[in-house]
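Undergrad: Everything below, folded, please.
(chains A and B, ligands or ions: 8)
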Number of protein chains: 2
Amino acid sequence: ISLLSLGVVSQAATNEPIQPIKAPTDINAGQAELGKKLYFDPRLSKSGYISCNSCHNLSMGGTDNITSSIGDQWQQGPINAPTVLNASLNLAQFWDGRAEDLKAQAGGPIANPKEMASNHTLAIEVLKSIPQYVVEFKQVFNSDQITIDQVTTAIAEFEKTLVTPGSRFDQWLEGDKTALNDTELAGYELFKSSGCTACHNGPAVGGSMYQKVGLIKPYQTNNPALGRFDVTGNEADKNVFKVPTLRNIELTYPYFHDGAIKTLSEAVNTMGEIQLGKTFNATENAQIVAFLKTLTGEQPQITLPILPPSNDNTPQPQPFN
Amino acid sequence: ISLLSLGVVSQAATNEPIQPIKAPTDINAGQAELGKKLYFDPRLSKSGYISCNSCHNLSMGGTDNITSSIGDQWQQGPINAPTVLNASLNLAQFWDGRAEDLKAQAGGPIANPKEMASNHTLAIEVLKSIPQYVVEFKQVFNSDQITIDQVTTAIAEFEKTLVTPGSRFDQWLEGDKTALNDTELAGYELFKSSGCTACHNGPAVGGSMYQKVGLIKPYQTNNPALGRFDVTGNEADKNVFKVPTLRNIELTYPYFHDGAIKTLSEAVNTMGEIQLGKTFNATENAQIVAFLKTLTGEQPQITLPILPPSNDNTPQPQPFN
Ligand code: HEC
Ligand code: HEC
Ligand code: HEC
Ligand code: HEC
Ligand SMILES: [Ca+2]
Ligand SMILES: [Ca+2]
Ligand SMILES: [Ca+2]
Ligand SMILES: [Mg+2]
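TA: Ligands and ions are numbered 1, 2, ... in the order given. The predicted structure follows:
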């Protein structure tokens, strides 16, 4: 009987547009451990103050929870910082998909003058000056050089560990029919029947395609980003963005690429109107919101890395130049 | 025989001017766990970006490793950020001792316009709006209110856990005579015979008294801080500062209240000259530096807290206005 019911369960799960998040496999532990240090190391920034974790805070769903990020010298970032959680599942990185994968992405912020404001030469010089890093890079990459390629490889490997299995919704998908209450289930049914899963699907409930924002009705924003158009130059790609993951969406407020939508309730109503031409009543909205909150998974349990100290010859941080 | 040798060991330790750091006792675990969340929570700042850990980074010896800190709007702080590690052992808090203890200290930065730039009313309003905080404060303090007194009590309790026992020097003090090499031991002997232990003594190797900086020769600095004078108004207190702990000194560069001294080697030579009228040769300097590096203890192993998400009615962070 239990084999039979397992069979039924896995068939049910197969028919769903959303699949459970799986624990990461094939992680190179040495690279990931080194990558964790680099992810938390503000010495990759010019000021010595900003790390990846400053904007993708792993205490806060892998985001900064502000409209647009604070970069070097408190510069205002151009767009809302997406979560790094489950980012390995994205078809490409950034709202406009301009980076092919996590490794291609990771070099960007270090050298971006509005973010960490360093440059690859300086970042490598800093790392090379720190004896414990020299030892650890050597152990991990079996090379006497430290290169930006190794840095981005290690950071990407760490990021691959940042998946969030075990959400209540995944428990339900995996056969525990008590994991969701009636409101949440009704919300899931509405999410499917309304057409949300046309775009938000797969294990990440998003991240698998590009879509126009404002299919039915334009999305009003002051943000100048044009999405895929900025990459391809094709008229048809104007306002086409990567469909964001809805995993951990309860944690990754504010919403949309401009960060202008403060609540999940508002995000759901806006999506209904601009993508599907649907107006949800208060009950329906609350049901969908309740469902979306079941997508919060187990957050990665991170032991704060202890960073190796700088050496007397380490280039000084330049916070105020 | 082993009892006898233990007796000798503890007698030896008793005669030393430095005592081992002890693991913290009498910690209220609930308060400390809540305090850890608050310590890492940038929502205690106006911008939503700055937490205690931004300036007292527990990946980096409880400091920010920059000359003077970066506060709200990238304002430059007035003085070098001291470590929070072993701060519970200080006779009082801040370079000038103006806060009696950790609890009295913890309210300051939240409301300091140059640091977190919030205020206590707003910080409490934020916390009260977050359902999981309401539950946790209630559990920990058995009260229906959230007060700034509870906030500072919890943060201080967490900070009491941030001690660093187990350094190689402490192993040596506790009887493992192989824990230090000859250079390090020679450095310790010089540290004592030169008179450093007149000021840097006790378990924290500092933190137990106020002393004039520039006893023998004035310390040249552009930093306007006048130390105890700013608290007492007594002429005699000009340039009198709390003697800082030398625990984990390898990690807490740059040095001195103005953060102007970049290397430990330079700090040792300057101290010799301005406090004792002594000039160390290169060998002596290297020996003292080698000894000081044995004071690096086991860093607190921190599991990054997962912060409870904001609610729809949580006051929005104000990073850019
Ligand atoms: C100053 C803030 C800031 C810093 C620092 C920062 N990021 Fe980002 N990150 C952003 C913003 C904003 C975006 C979105 C940019 C865009 O899409 O055009 C982003 C996008 C990403 C993405 C793509 C996610 C997705 O779903 O498309 C990843 C992955 C990422 N960052 C990882 C990192 C790593 C690794 C570091 C450190 C090496 C880092 N970030 C440093 C703000 C920051
Ligand atoms: C045709 C594609 C499409 C459909 C249908 C769609 N979405 Fe979206 N969704 C997107 C895109 C693209 C974005 C990114 C919008 C932006 O950032 O400007 C998005 C953003 C979101 C966000 C905010 C995510 C974030 O991290 O900022 C939520 C929540 C959301 N959608 C929920 C829904 C719901 C609920 C439905 C159904 C009512 C739905 N979506 C239907 C494509 C779609
Ligand atoms: C913007 C940077 C910044 C932030 C944020 C910050 N601090 Fe500090 N902290 C400092 C500086 C600078 C000093 C030294 C000030 C002085 O002595 O006048 C200091 C001093 C201290 C001290 C005294 C240590 C000693 O040895 O005297 C403690 C303890 C402390 N901070 C804890 C905290 C806590 C807890 C928080 C969060 C509630 C916090 N700090 C937030 C920069 C910061
Ligand atoms: C008469 C008291 C006194 C004596 C003697 C003394 N110190 Fe200090 N030490 C201080 C004070 C006070 C400071 C803080 C100076 C400042 O920040 O401006 C300090 C700072 C330091 C620092 C920098 C700590 C930090 O975190 O910035 C080091 C290292 C140090 N002393 C080592 C020594 C050594 C080595 C000796 C002996 C050669 C010595 N000290 C002798 C009082 C003393
Ligand atoms: Ca967001
Ligand atoms: Ca006291
Ligand atoms: Ca320092
Ligand atoms: Mg790809």
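
Undergrad: Leaving aside the residues adjacent along the chain, what's closest to the residue of the stretch 151-300 of chain A found nearest ligand 7?
TA: Using C-beta to the ion, the single residue of the stretch 151-300 of chain A nearest to ligand 7 is residue A:151, 27.1 Å away. Every C-beta, even on glycine, is put in place using the N, C-alpha and C of the backbone. Excluding its sequence neighbours, the residue lying closest to residue A:151 (C-beta to C-beta, 6 or more residues apart in numbering or on different chains) is residue A:38, at 6.0 Å.

Undergrad: What distance do you get for that neighbour to residue A:165?
TA: Separation of residue A:38 from residue A:165 (C-beta to C-beta, to the nearest Å) stands at 24 Å.

Undergrad: Look at the two and report which has more neighbours.
TA: Shown here are residue A:38 and residue A:165; by other C-beta atoms under 10 Å in any protein chain shown, residue A:38 has more neighbours (24 against 17).

Undergrad: any idea which helix or strand carries the more buried one?
TA: Assigned by DSSP states H and E, residue A:38 belongs to helix A:29-40.

Undergrad: Can you identify the element that follows that helix toward the C-terminus?
TA: Following helix A:29-40 in sequence order, the next helix or strand is helix A:52-55 (DSSP H and E).

Undergrad: quick check: domain ranges of chain A?
TA: Segmentation of chain A into domains, based on automatic domain parsing, reads A:29-160, A:168-293.

Undergrad: From the chain's centroid, how far away is the shortest one?
TA: Taking the mean of its C-alpha atoms, domain A:168-293 sits 15 Å from the chain's own mean (C-alpha atoms, centre = their mean, to the nearest Å).

Undergrad: Kindly check the end-to-end length of it for me.
TA: Terminal residues of domain A:168-293 are spaced 9 Å apart (C-alpha to C-alpha, to the nearest Å).

Undergrad: what do you get for the longest one?
TA: From the first residue to the last, domain A:29-160 extends over 11 Å; the measure is C-alpha to C-alpha.

Undergrad: Any part of that domain near ligand 3?
TA: No. For domain A:29-160, no contact with ligand 3 is found by C-beta under 6 Å from any ligand atom; the gap never falls below 9.9 Å.

Undergrad: so who does residue A:289 touch?
TA: Residues near residue A:289 by C-beta atoms under 8 Å, 6 or more residues apart in numbering or on different chains: A:187, A:264, A:265, A:268.

Undergrad: what helix or strand is it on?
TA: helix A:282-293.

Undergrad: touching chain B at all, stretch A:159-177?
TA: No. Residues of stretch A:159-177 contacting chain B under C-beta under 8 Å from any C-beta of the partner chain: none, with a closest distance of 10.8 Å.

Undergrad: Could you check that stretch and say which residues are buried?
TA: For stretch A:159-177, the buried set under the neighbour-count rule, 16 or more other C-beta atoms under 10 Å in any protein chain shown, comprises A:159-174.

Undergrad: And for stretch A:24-41?
TA: Neighbour-count burial for stretch A:24-41 [16+ other C-beta under 10 Å]: A:24, A:31, A:32, A:33, A:34, A:35, A:36, A:37, A:38, A:39, A:40, A:41.

Undergrad: so where do the strands sit in chain A?
TA: A:210-212, A:240-242 (DSSP state E).

Undergrad: Out of these, which is closest to residue B:283?
TA: Nearest of the strands of chain A to residue B:283, taken as C-beta to C-beta: strand A:240-242 at 60.9 Å.

Undergrad: near ligand 2 at all, the closest one?
TA: Yes. For strand A:240-242, a contact with ligand 2 is found by C-beta under 6 Å from any ligand atom, at residue A:241.

Undergrad: which secondary structure elements does that strand contact?
TA: If you count contacts as 3 or more C-beta pairs under 8 Å, 6 or more residues apart in numbering or on different chains; DSSP states H and E, strand A:240-242 packs onto strand A:210-212.

Undergrad: What strands flank the strand it packs on, and is each parallel or antiparallel?
TA: strand A:240-242 (antiparallel) (DSSP bridges).

Undergrad: The strand it pairs with: which residues count as buried?
TA: A:240, A:241, A:242.

Undergrad: Which of the residues you listed sits closest to residue B:64?
TA: residue A:242 (34.6 Å).

Undergrad: Apart from its chain neighbours, what residue comes closest to residue A:164?
TA: Excluding its sequence neighbours, the residue lying closest to residue A:164 (C-beta to C-beta, 6+ apart) is residue A:297, at 2.9 Å.

Undergrad: one step back: what comes into contact with the helix holding residue A:38?
TA: When contacts are defined by C-beta under 8 Å, 6+ apart, helix A:29-40 is touched by residues A:44, A:51-53, A:133, A:136-137, A:139-140, A:151, A:153-161, A:302, A:304-305, A:307-308, B:59.
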